[in-house]
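>>> below: sequence and its predicted model.
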Amino acid sequence: QAQLVESGGGSVQPGSSLKLSCTASGLVFSTYTMGWFRQAPGKERELVAAISTDGTTRYYLRSVKTRFASSRENAKNTVYLQMNNLVPEDTAVYYCAASRISNRLGRLESEYDVWGQGTQVTVSS
């Protein structure tokens, strides 16, 4: 059974950094596009970043484009989200997700087939 497990969330002050990790099992990781979504209280879940199967193509939400970076290590079945200069508006539950669509970066939740359980990121002074 395919499974994604996130780690690395926490509570930090504004301006801090966090690195989220998501490790996959039960699927051929290198064939899946990976996405990072987040959901803040009272808001819809939104795509924050996506990365192609080989890691060469990335998408970022405009508000995080200069601060977040996604990468992946296919040999370790792991995708990462490096988050720098965090602001309170980044507070949310962060989810990684895997999409079988391999020829483009999915932007919609419905395009992702496997989801992690989420990890909380809280940015507060």
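Alright, I've got the coordinates. Quick caveat, the model's predicted, so the values are computed rather than measured. Numbering: from 1, shown residues only.

>>> how far does stretch 80-91 stretch from start to finish?
Across its full length, stretch 80-91 reaches 18 Å between end residues, using Cα to Cα, to the nearest Å.

>>> contacts for stretch 26-37, please.
Residues outside stretch 26-37 that contact it (Cβ atoms under 8 Å, 6 or more residues apart in numbering) are 1-3, 20, 22, 24, 45-54, 70, 72, 74, 77, 79, 81, 94-102, 104-106, 109, 112, 114. Placement of C-beta: from N, CA and C, glycine included.

>>> so which of those residues are in strands?
3, 20, 22, 24, 46-51, 70, 72, 79, 81, 94-99, 114 (DSSP state E).

>>> now list the buried members of those.
Neighbour counting by 16 or more other Cβ atoms under 10 Å classes 20, 22, 24, 47-51, 70, 72, 79, 81, 94-99, 114 among those as buried.

>>> can you tell me the element the residue most central in space within the chain falls in?
When Cα atoms, centre = their mean is applied to the chain, the residue found nearest the centroid is residue 36 (2.2 Å). Element membership of residue 36 [criterion: DSSP states H and E] is strand 33-39.

>>> check the offset of that strand from the chain's centre.
Mean-position distance between strand 33-39 and its chain equals 4 Å (Cα atoms, centre = their mean, to the nearest Å).

>>> I'd like the numbering to begin with 46 instead of 1 from here.
Got it, the first residue is 46 from now on, which makes the last one we talked about strand 78-84.

>>> low pLDDT regions in this structure?
Judged against pLDDT under 70, the chain has no low-scoring part.

>>> list the contacts of the spatially closest residue to residue 117 that is not a sequence neighbour.
Leaving out its chain neighbours, the residue that sits closest to residue 117 by Cβ to Cβ, 6 or more residues apart in numbering is residue 124, at 4.4 Å. Residues near residue 124 by Cβ under 8 Å, 6+ apart: 66-67, 69, 79, 81, 96, 115-118, 141.

>>> mind checking how far residue 124 is from residue 170?
29 Å (Cβ to Cβ, to the nearest Å).

>>> same question for residue 82.
25 Å.
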